[in-house]
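Colleague: Model the structure of this input:
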Amino acid sequence: MKHFKAPKKTLRELDVEAAATLIAVASDVALILDDKACIRDMAFSSSELSRELEQSLNWLGKAWLDTVTIESREKVSSMLAEAEEKTVSSWRQMNHPSPAGGDVPILYSVVKVRPGHLVALGRDLRPIAQLQQRLIETQQSMERDYSRLRHIEMRYRLLFDASSEALLIVDAGSLRVLESNPAAAPMLDVRGKRAGSRNLLDMFDAATRNGVQALVNDVRASGRPESIQAKLVETGETMRVSASLLRNEGVPVLLMRVLPVHTDSGEVVSRSKVGLLKLVENGPDAAVVTDAEGRILVANAAFLDMAHLPTEQQARGETLDRWLGRPGIDLDVLISSLRRHGNVRLFATTLRSDGGTPADVEVSAAKLLDGDQLYFGFTIRLVNRRVVSEQRGSGNMHRSGEQLKELIGRVPLKELVRDSTDMVERLCIEAALELTNDNRASAAEMLGLSRQSLYLKLRRHGLIDFSPDSDQDE
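Modeller: Next comes the predicted model:
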């Protein structure tokens, strides 16, 4: 600590009131202690701090030692001894118990002003503690995000490398191949470090090179995926080349898929399924076929209308949960059920169009196998009209146990229990009315309810729409 150079000269006119004001202003908590370390006077910088500590705990006349928590008492004794020896003690953190719960951290230093008179100056550490807590929470959030991104990148890498399709990541400006998966090596002679030194156009025959260049230009201009047929230099084989525009750290790149024409996934699943798909292609219900990860391979016109998409090409390659239900939840539940059971019926969820308008839908789905390839087929039916025509209070009454099971993870338990309770209550009331030939007085007695309570429940479940005064059952 550096003292004033001439305090006797510069502060000699300082009276007691001025000194008290300086002490009170210079600290958040100021305690005047006697030779037994009892509190004889005190000052607080804020009324809020005063209410939380002094007014609630009545410090005046108490030993300072008795106002702190157990683990802080040794610090108090140490600071008092240090102040007696050195006049000014080092700063130490003390914790005061708060009547509101928890502790109030205060940073104290003790000053010996004269024998038997000590002043404890304290600084409120709660703002710092709050900032530290926010910092910790931010760090934990960043670590969770980093871990999530790392797992996403790992999954991307596994999918990229394990894909049976030839995939290339190409710089959209220079057309330099940045990355390629193992499936691309035999087709395009792109291996390891050589990928980064080869131009995309060099991989294709001169006769079709202009078509590939035009494909790249169209995708860069429109941002929509496109595809053409082109011949490879290495094998002379005609391939279907698809391109999609992505952004990697703000830099545009192209995801190129190179597939033999006879195995192009855009032609969809297998010949044995073509007839069935043609049957539903023009139907009123939306129909979608996806790969094992939920990426759309084909969609019918009804789905495009629901999603407000002008062309099927804009849906291909996108995951179905871009439009269906809550992203990352509903589709995962559906795929998990399909993997376990092979099919799902009447799964209630919503469909969002590209304009953002949600609609209530029911989804039925089945697992499709074509050799060792796994696909999923989905039919999506709008239920808005049905929901409107039903009574508001009974919209969820008829969910089966299997449907309720499918909602676990998507709907809070409280809502599931409430809906199940309403369903059981309604069924009991209907059964009682049936047994009593619709005699409501007898039904109320059978159910152990007053007639008034029964009428309230009947109205709530939409079983009657008139008052008990109009009833003629008696």
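Colleague: Return the alpha-carbon coordinates of stretch 339-351 using PDB.
Modeller: C-alpha atoms of stretch 339-351 as PDB (Å, rounded to 0.1, in the frame of the first residue of the first chain):
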ATOM      1  CA  ARG A 339     -36.000 -49.600 -37.900                       C
ATOM      2  CA  ARG A 340     -37.500 -51.400 -35.000                       C
ATOM      3  CA  HIS A 341     -41.000 -52.300 -36.300                       C
ATOM      4  CA  GLY A 342     -40.800 -51.900 -40.100                       C
ATOM      5  CA  ASN A 343     -43.800 -49.500 -40.300                       C
ATOM      6  CA  VAL A 344     -45.600 -46.700 -38.500                       C
ATOM      7  CA  ARG A 345     -49.300 -45.800 -38.800                       C
ATOM      8  CA  LEU A 346     -51.100 -42.400 -38.200                       C
ATOM      9  CA  PHE A 347     -48.200 -40.600 -36.500                       C
ATOM     10  CA  ALA A 348     -49.600 -37.100 -35.600                       C
ATOM     11  CA  THR A 349     -47.200 -34.200 -36.400                       C
ATOM     12  CA  THR A 350     -47.100 -31.000 -38.500                       C
ATOM     13  CA  LEU A 351     -45.800 -30.100 -41.900                       C
END
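Colleague: buried set for it?
Modeller: Within stretch 339-351, the residues scored as buried using 16 or more other Cβ atoms under 10 Å are Val344, Phe347, Ala348, Thr349, Leu351. From N, CA and C alone the C-beta is placed, and that goes for glycine too.
Colleague: List the residues that contact the second one.
Modeller: Phe347 sits next to Asp330, Val333, Leu334, Ser337, Glu362, Val363, Ser364, Ala365, Gln403, Glu406 when contact means Cβ atoms under 8 Å, 6 or more residues apart in numbering.
Colleague: Next, the contact list for Leu369, please.
Modeller: Leu369 sits next to Tyr375 when contact means Cβ under 8 Å, 6+ apart.
Colleague: pLDDT wise, what is it at?
Modeller: As predicted, Leu369 sits at a pLDDT of 80.
Colleague: how about the helix or strand where it lies: buried residues?
Modeller: Element membership for Leu369 (DSSP states H and E) is strand 358-370. Going by neighbour count (16+ other Cβ under 10 Å), the buried part of strand 358-370 is Asp360, Val361, Glu362, Val363, Ser364, Ala365, Lys367, Leu368.
Colleague: Now flag whichever of those is closest to Asp205.
Modeller: Nearest to Asp205 among these, counting by Cβ to Cβ, is Leu368 at 35.6 Å.
Colleague: Am I right that that closest one is in contact with Phe378?
Modeller: No - using Cβ atoms under 8 Å, Leu368 is not in contact with Phe378, being 10.6 Å away.
Colleague: okay, and the common contacts of those two?
Modeller: Overlap of the contact sets of Leu368 and Phe378 (by Cβ under 8 Å, 6+ apart) consists of Val289.
Colleague: What ranges does the stretch 301-450 of the chain have for its strands?
Modeller: Assigned by DSSP state E, counting those that start in this stretch, the strands in the stretch 301-450 of the chain fall at 343-352, 358-370, 373-382.
Colleague: pLDDT below threshold where in the stretch 351-474 of the chain?
Modeller: By pLDDT under 70, the low-scoring segments of the stretch 351-474 of the chain are 355-356, 371, 384-411, 465-474.
Colleague: Can you show me the helices along it?
Modeller: Along the stretch 351-474 of the chain, counting by DSSP state H, counting those that start in this stretch, helices occupy 384-389, 401-407, 413-435, 440-447, 451-460.
Colleague: which one of these has the most crowded surroundings?
Modeller: Among the helices of the stretch 351-474 of the chain, ranked by average contacts under mean count of other Cβ atoms under 10 Å, first place goes to helix 440-447 (a mean of 18).
Colleague: re the thing from before, can I get the buried residues of strand 358-370 in JSON lines with distance to Ser47?
Modeller: Converted to JSON lines, these look like this (distance: Cβ to Cβ, whole Å):
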{"residue": "Asp360", "distance to Ser47": "54"}
{"residue": "Val361", "distance to Ser47": "58"}
{"residue": "Glu362", "distance to Ser47": "60"}
{"residue": "Val363", "distance to Ser47": "60"}
{"residue": "Ser364", "distance to Ser47": "65"}
{"residue": "Ala365", "distance to Ser47": "64"}
{"residue": "Lys367", "distance to Ser47": "68"}
{"residue": "Leu368", "distance to Ser47": "71"}
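Colleague: ok, so of the residues you listed, who is nearest Gly211?
Modeller: Each of the buried residues of strand 358-370 was checked against Gly211 using Cβ to Cβ; the closest is Leu368, at 33.0 Å.
Colleague: do you know how far the closest residue in space to that closest one that isn't next to it in sequence is from Glu318?
Modeller: Among residues not flanking Leu368 along the chain, Tyr375 sits closest, at 4.2 Å (Cβ to Cβ, 6 or more residues apart in numbering). Shown here: Tyr375 relative to Glu318, a distance of 16 Å by Cβ to Cβ, to the nearest Å.
Colleague: likewise Lys367?
Modeller: 20 Å.
Colleague: same check, this time on Met203
Modeller: Going from Met203 to Glu318 by Cβ to Cβ gives 27 Å.
Colleague: And these two? Which one has more around it.
Modeller: Met203 (24 against 18; other Cβ atoms under 10 Å).
Colleague: Surely that one and Glu237 touch.
Modeller: No - checked against Cβ under 8 Å, the pair Met203 and Glu237 is beyond contact range at 11.8 Å.
Colleague: what about the helices in the stretch 1-150 of the chain?
Modeller: According to DSSP H, counting those that start in this stretch, the helices that the stretch 1-150 of the chain contains are 7-10, 16-26, 47-52, 54-57, 73-86, 126-162.
Colleague: need the least confident one among those helices, by mean pLDDT.
Modeller: helix 54-57 (a mean of 58).
Colleague: Could you chop this protein up by domain?
Modeller: Per the record, the chain has its domains at 7-124, 163-262, 268-389, 413-470, by automatic domain parsing.
Colleague: So which of those is nearest Ile152?
Modeller: Among the domains of the chain, the nearest to Ile152 by Cβ to Cβ is domain 268-389 (11.3 Å).
Colleague: and the closest one, how far out from the chain's middle?
Modeller: Domain 268-389 sits 23 Å away from the centroid of its parent chain (Cα atoms, centre = their mean, to the nearest Å).
Colleague: Please apply the same query to stretch 108-122.
Modeller: The chain centre lies 53 Å from the centre of stretch 108-122; the measure is Cα atoms, centre = their mean.
Colleague: give me phi/psi at Gly173?
Modeller: phi -90, psi -60 (degrees, to the nearest 10).
Colleague: Quick check: closest non-adjacent residue to it.
Modeller: Nearest residue to Gly173, sequence neighbours excluded (Cβ to Cβ, 6+ apart): Pro252, at 7.4 Å.
Colleague: With just CA atoms, put the strand or helix carrying that neighbour into PDB.
Modeller: Using DSSP H and E, Pro252 maps to strand 251-260. C-alpha atoms of strand 251-260 as PDB (Å, rounded to 0.1, in the frame of the first residue of the first chain):
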ATOM      1  CA  VAL A 251     -16.600 -19.700 -49.200                       C
ATOM      2  CA  PRO A 252     -18.900 -21.200 -51.800                       C
ATOM      3  CA  VAL A 253     -18.100 -24.900 -52.700                       C
ATOM      4  CA  LEU A 254     -19.800 -27.500 -54.800                       C
ATOM      5  CA  LEU A 255     -20.800 -30.900 -53.700                       C
ATOM      6  CA  MET A 256     -20.500 -33.100 -56.800                       C
ATOM      7  CA  ARG A 257     -22.000 -36.600 -57.100                       C
ATOM      8  CA  VAL A 258     -20.900 -38.800 -59.900                       C
ATOM      9  CA  LEU A 259     -23.100 -41.900 -60.400                       C
ATOM     10  CA  PRO A 260     -23.400 -44.500 -63.100                       C
END
